[in-house]
Structures are given as structure tokens and as C-alpha cells.
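Peer 1: Structure for the following, please:
(chains A and B)
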Amino acid sequence: MSNLTTDADTAHFDLPSDRGEGHGRSPLRWLLLAAGLAVAVALPWFVYPPIAMDILCWALFAIALDILLGYCGLLSFGHAAFWGGSAYATGLVAVHYGVPFPLAVLAGMLFAMTIAVPIGYLSVRATGIYFAMVTLAFAQMIYFIANQWRDVTGGENGLQAVPKTFFGIEAVETEAFYFYYAALPMILLGMWAAWRIVHSPFGRVLVAIRDNSPRARALGYDVERYKVIAFVLSAGLAGLAGGLFAISHGFVSLQEVNWTTSGKVVLMTVLGGIGTLWGGAVGAGFIVQLEDYMASSGFEGIGIVTGSVFVIVVLLFRRGIWGTVAHLVSSRSTRSAGRRG
Amino acid sequence: MNEVLQYTIQGLAAGSFYALSALGLAIIFGVLGVVNFAHGACYMLGAVVAAVLLDTVGLGFWPALLVVPLIMFAFGVLIERTLVRWLLALDPLYNFLLTFGLTLLLVDLVKRRYGVSGLPYERPDVLRGQIELGALRLPTYQVFVFVFSLLVCVLVWMLMTRTRIGMIVRASTERSDLAQALGINVGRWVTPVFGFGIALAGLAGVLAAPFRAITADMGSNFIIILFAVVVIGGLGSILGAVVAGFLVGLVEAFGQAYAPTFAQILIFVLMAVVVLVRPAGLFGREETAR
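Peer 2: Reported below is the predicted structural model:
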């Protein structure tokens, strides 16, 4: 099969498994972490706060997708089901029970993980391109359910007037700027969880399955079970992001469960760099800003631009932004290491 | 009884669009290993091109059945030569992503040029009204679509089984590596096969033009149903694509008649059952579901 090509430039989804570990560059890593945190904290000063919040949500969503795509080699084209499913569940809990928003988001996240169990169980029976198609189809099923179940979801009108209840602290409940800081810890927690997942022994098994699943199976790992667990965890993080997105907008539309949303997050992950985890955040920042810019300049047909970006990235730029930078850095360090040796 | 027959023909007509397009999808997948996400967009383009040709140069429905697939063939060749070709050696997911990007691009280009409201397309006079067979009354157009599509499927089947070209394509579809080992130049057939698959989607679009609303989004839902069709039929299987196409059309029609709320969900339930029981699809071989 095509996986036999090993030329670095035609690199596919099989990426180096120990990225960021064992490179002995830990000062650099702390620096990156500090820089990342600084950007996250400073973002609403430079970007219109609701847009900053969008970037945060999409960043976590893209990172959640990369757990599957980059570390399991599974392209889920149906993650809108979990983002949007959680958005609806979060919105409904917030509307009907008026609980503080973190609790509502938690409920949404649990809902996303619950629907991910059967979908994941069925989907992991398919691999490669089949997996993408099956997840896409299941997500569309969720879309149809959301569309049909008008009494609950509001159908095409969407779910409106989702409150940002937060212990009666008015600044958070009314101003996007303060809401951002109330939501930030949850997003950071989600990102930390994603990092923990891929760098845990569990994550190493995922990489082993991705690289050689017959061997992993022969070593006694229950391949399907690992994939389902990864799928559910990824869905949970996508749900966390989607729930916060719903609260932030105060509104849930059918758009959130549509396949274009699944496609958008895949674009962000690929643009940032598959298998780089943090690349997804970079991709999300880029795409959200681009769409905001186009919307405010009155350009209709965002798909023309995002579609072109997709085609160009896939044709010429497969490492993505983060991947390219990491490659440049590591090839320089190996070169100097080679000179030393 | 009459009612059942009516839904049956309705389902078979709707299934014709799926069957023709899925056939194209299956052939492309077989020879190139590419799942063409843009197949729905090509179906849409087929209908849009037919409508535009009718509007600008007065090209009628009958010549459009030939001309539009030819145009789409050329379009497919162009896409394969300029874009798809460069990613064939890589993981097939890359071409899936590429054609997804292409879909976004094509849909929004059409939307910008022709707006979101549907383009008009008149049904030719001969195909209006109903056919009366004793007590039975069947809508002429639906009967025509089904018979015509079935004919095309049979023709493609004959092309595949009775000619040398077909044998080569079939061999490349089912055992690409083995065909290559036997000295068949599989690479030579890549471009025409891609064009042919796109032409089939375009043909389905022309047939749908007098029947469905012609909008930029008409392919968006279509492609996902089409994926369900090929998962049900088995991705590598040509026969599976056709049978599953008609089957899904029937499920859709009967679903809409007896349980309208669940009509579209039903297709995915069917898919889920197939994935559970036979992951390779009804007509697929286990090994093709890698």
C-alpha cells in the first residue's frame, strides 16, 4: 500500500511518535508553554473578545480531533456530532435549569461522550477512508435528529437565549471580555487533558496501533477497545469546546451539527499540522480570524477561500504550520548534533 | 397496492441518481483508491451545466444527456491531471481532504454565480404526465429515469465484463497489484477512469435536473447519502454500488411515505446495521475494508 513510501517529503499520517519528548529540549518546551499561556491570557486585548472566545473553543476542538487523527491515524469527519451535540445539551441544561455555565458545559460534555460510545463502537470497525465516511454519515444522522426534533432543539430556528449564568457575577454574564476569563480555565484544562492523554502510556499504545496495528494486536492490546476509548475522550473534549461555544454565543444553531463544521475542524487540524496537537490551536486561530475578516469585509462565499486553503495545504503544505516549524527546528538540531558526533 | 407501486417507482427513480453516482464513485475508488468527496458537487455541476446550457444556447434535455457527461468527463480529466494525480502515492485520506476542499470551492463558486435560489428546468413534453397501464398510473418521468439509469448501469456492466478495457479496469479495481504484476499498465487508465466516474455523476445530475431543485447545495446532502450507499454496498464493489443505490432510494421513498420523521435517519440505521454485521459492505470483500 501507499504507506510504503518513506520519503520524508511525502510524509503521510504516520508521523514521528516521540515529538516533543526525549529531545532534551525542555527549556524550549517551558518557553513555548509560557508563550502559549501568555497568548491565551492576552488574546482578548488584541482580538474582539467574542472572536477570541471562538478561537479558544475551535482551538480545543481541533486539538481534540488531533488526538484521533494525529495519534490514532483515524480521520473523523463527524466530530460536529459531538461539538454540536454538546452545544445543544449544554444549551438545554442552561436554559431549563439555569445552572452556572460550567455545570451546563459539563453536562454537554457527558452527553457528547455518551453518544460517542455507540458511534465510536460502530465506526472503529472501519479503518482508513471507511472510518471517515462512516463517522460522517453518523454525524449526519445526529444532524437530522436535531433538525426533526423541533420541540426540543428549535429545529431551523435554533436554540435561543442560552444564558451565561455564573454565580450572579454580572460582569461575566454580560460582558464577553470577562466571560473569556471565566471560560479560559476550562479550555486550558481540556488542553492539558489532551496533552496528558497523548503523552500517557495509553497514548503510546495509540501510536503503536496507528503505526502497526497487527503488531499491537499481537502484543495483546485490544485494538478496537483502545480506539473506542480514544474516540470517546476526543468526543468529550470536542463536547467541552462545543458547550462553551454555545454558552459564549447564547445560541445554538443547526450549523453546529452540520458536516461543514466537521470539515472546518479538520481543516484547522491539517492546517496547523497533523499529529502536532498544538498545531490545531494555530490553525484554529488562523481560520477563525480569516472568516471573521471575510465576513466583516462583506465577502460572500467563504468556501471559495477555505476550500482553496484546503487544496493548497493538502497539495503543498502537508506538514501544516506547526509541523513545518517543528521540522525546521528539529532538522537544525539534528544537523548540529551530527556535527558534534 | 397501487400506492406501494407508486412508492416503489418513486424510490427506484431516486435510487437511480444514487446508483449512477455510486457506480462512478466505486470505479474511481477501485482504480485510483480515491474516495471522491467532490462527487456530490459533480452531480450538482451536472444539473447546473444542463440548466445553464438550456438557458444560454437552448440545448434541450435529450442532447444534454450526452453533452453534459462529456463536459464533466473533461472536467474530471482536468481535476485528475492538475490535482488528484499528485497525491495518489500518499495516504488516500489526503485525496479525500483535497476533494473536500474542492467541494467547498465549487459549491460557493456556483452560489456566487447563480445565487441560492433554484435554477429552472422544464421537463420535456414527452416525459410529462403519467403512463396508464390498466388501472395503474405511473409518473412518466420517474419511470423514464429508472429505465434509463438501469440501461446505463447495464451498459457499463457490459463494458466492464465484455470488453478488454472493462476487463483491465475490473482487474485494476479488484486486484490492482496483481493486475500490475501481470503486466497491465494500470496507470494508463487512471485519468480516463476518473473522468468516466465524474461523467456518471454528471449524468445523474442531468437526470435530476427536471426533477429536483437545482441549487448549489443539491449535492451537499447527496454526497453523504452516497457515502452511506457505498458503505452499504461495499466500497470496492461495482455491483454493490448499484444495488445499494436503488435499495437506499427505496428505503428513502418508503420511509418518507410511512414514517416521514425518520425517513433520512432510516438510511443511516441501515448503514449502522451493515457496518455491524458486515463491515466490508453487502457485496464487498473483507480485505477491501482496510
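Peer 1: what pLDDT does the closest residue to A:Lys164 other than its chain neighbours get?
Peer 2: Closest residue to A:Lys164 apart from its sequence neighbours, by Cβ to Cβ, 6 or more residues apart in numbering or on different chains: A:Glu173 at 4.8 Å. Heads up, the C-betas are built off the backbone N, CA and C, glycines and all. pLDDT recorded at A:Glu173 is 80.
Peer 1: which residues are in contact with stretch A:148-155?
Peer 2: Contacts made with stretch A:148-155 from outside it, assessed by Cβ atoms under 8 Å, 6 or more residues apart in numbering or on different chains, are listed as A:88, A:92, A:146-147, A:159-160, A:252, A:254, B:261-262, B:265.
Peer 1: if you set the cut-off to 10 Å instead, what comes out?
Peer 2: A:84, A:88, A:91-92, A:145-147, A:156-157, A:159-160, A:251-254, A:257, B:260-265 (Cβ atoms under 10 Å, 6 or more residues apart in numbering or on different chains).
Peer 1: Are any of these buried, and if so which?
Peer 2: A:84, A:88, A:91-92, A:145-146, A:159, A:251-254, A:257, B:263-265 (16 or more other Cβ atoms under 10 Å in any protein chain shown).
Peer 1: wait, B:Tyr43 sits on B:Ala199?
Peer 2: No - when contacts are counted by Cβ atoms under 10 Å, B:Tyr43 is not listed as touching B:Ala199 (11.2 Å).
Peer 1: Tell me which of those two has more neighbours.
Peer 2: The neighbour comparison of B:Tyr43 against B:Ala199 (other Cβ atoms under 10 Å in any protein chain shown) goes to B:Tyr43, with 32 against 25.
Peer 1: which residues does the more buried one contact?
Peer 2: Applying Cβ under 10 Å, 6+ apart to B:Tyr43 gives the contacts B:17-18, B:20-21, B:24, B:72, B:198, B:200-208, B:212, B:218-219, B:222-223, B:226.
Peer 1: From those, which land in helices?
Peer 2: Members of the contacts of B:Tyr43 lying in helices (criterion: DSSP state H): B:17-18, B:20-21, B:24, B:72, B:198, B:200-208, B:218-219, B:222-223, B:226.
Peer 1: before we move on, back to that, could you work out the most separated pair of the buried ones among the contacts of stretch A:148-155?
Peer 2: A:Phe251 and B:Ala263 (28.0 Å; Cβ to Cβ).
Peer 1: hang on, the earlier thing: which neighbours do B:Tyr43 and B:Ala199 share?
Peer 2: Listed as contacting both B:Tyr43 and B:Ala199 by Cβ under 10 Å, 6+ apart are B:20, B:24, B:72.
Peer 1: Phi, psi for B:Pro139 please.
Peer 2: Backbone torsions for B:Pro139, taken as degrees, to the nearest 10, come to phi -60, psi 120.
Peer 1: Would you mind listing the residues in contact with the nearest residue to it once chain neighbours are set aside?
Peer 2: Nearest residue to B:Pro139 in three dimensions, chain neighbours excluded: B:Gln130, at 5.5 Å (Cβ to Cβ, 6+ apart). Contacts for B:Gln130 (Cβ under 10 Å, 6+ apart) come out as B:136-143.
Peer 1: What's the separation between B:Gln130 and B:Arg137?
Peer 2: Separation of B:Gln130 from B:Arg137 (Cβ to Cβ, to the nearest Å) stands at 5 Å.
Peer 1: Quick one: end-to-end length of stretch B:77-92, please.
Peer 2: End-to-end span of stretch B:77-92 (Cα to Cα, to the nearest Å): 19 Å.
Peer 1: Does it reach chain A?
Peer 2: Yes - using Cβ under 10 Å from any Cβ of the partner chain, stretch B:77-92 comes into contact with chain A via B:82-83, B:86-92.
Peer 1: Which members of these are the farthest-apart pair?
Peer 2: Based on Cβ to Cβ, the longest span within these runs between B:Thr82 and B:Asp91 and measures 20.1 Å.
Peer 1: Looking at the two, which one has more neighbours?
Peer 2: Set B:Thr82 next to B:Asp91 and count neighbours by other Cβ under 10 Å: B:Asp91 wins out with 24 against 10.
Peer 1: quick one: secondary structure of the residue in chain B positioned nearest to chain A?
Peer 2: In chain B, the residue that lies nearest chain A is B:Gly101 (2.7 Å; Cβ to the nearest Cβ). Three-state assignment for B:Gly101 (DSSP: H, G, I helix; E, B strand; the rest coil): helix.
Peer 1: my read: it touches A:Val314, true?
Peer 2: Yes - the pair B:Gly101 / A:Val314 is scored as a contact, 6.6 Å apart, by Cβ under 10 Å.
Peer 1: Mutual contacts of those two, please.
Peer 2: Jointly contacting B:Gly101 and A:Val314 under the rule Cβ under 10 Å, 6+ apart are A:267, A:270, B:83.
Peer 1: from those, which is closest to A:Tyr130?
Peer 2: Of these, the one sitting nearest to A:Tyr130 (Cβ to Cβ) turns out to be A:Val270, at 19.2 Å.
Peer 1: Nearest to chain B: which residue in chain A?
Peer 2: A:Phe310 (2.7 Å).
Peer 1: list the buried ones in the host helix or strand of that residue?
Peer 2: If you go by DSSP states H and E, A:Phe310 is part of helix A:302-316. By neighbour count with 16+ other Cβ under 10 Å, helix A:302-316 contains the buried residues A:302-307, A:309-311, A:313-314.
Peer 1: Also stretch A:203-212?
Peer 2: A:203, A:205-210.
Peer 1: So which of those belong to helices?
Peer 2: Per DSSP H, the buried residues of stretch A:203-212 map to helices at A:203, A:205-210.
Peer 1: Let me have the residues you listed in CSV, extended by distance to A:Ala281.
Peer 2: Shown next, in CSV, are those (distance: Cβ to Cβ, whole Å):
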residue, distance to A:Ala281
A:Gly203, 18
A:Val205, 25
A:Leu206, 20
A:Val207, 21
A:Ala208, 26
A:Ile209, 25
A:Arg210, 22
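Peer 1: which among the residues you listed gets closest to A:Trp45?
Peer 2: A:Gly203 (34.3 Å).
Peer 1: Settle this for me: that closest one is touching A:Tyr71, isn't it.
Peer 2: Yes - between A:Gly203 and A:Tyr71 there is a contact at 6.2 Å, judged by Cβ under 10 Å.
Peer 1: What helix or strand is the residue nearest to B:Ile223 when sequence neighbours are not counted located in?
Peer 2: Computed as Cβ to Cβ, 6+ apart, the closest residue to B:Ile223 that is not its neighbour in sequence is B:Gly40, at 2.8 Å. Assessed by DSSP H and E, B:Gly40 sits inside helix B:39-56.
Peer 1: Repeat that for A:Pro27.
Peer 2: Going by DSSP H and E, A:Pro27 is part of helix A:26-46.
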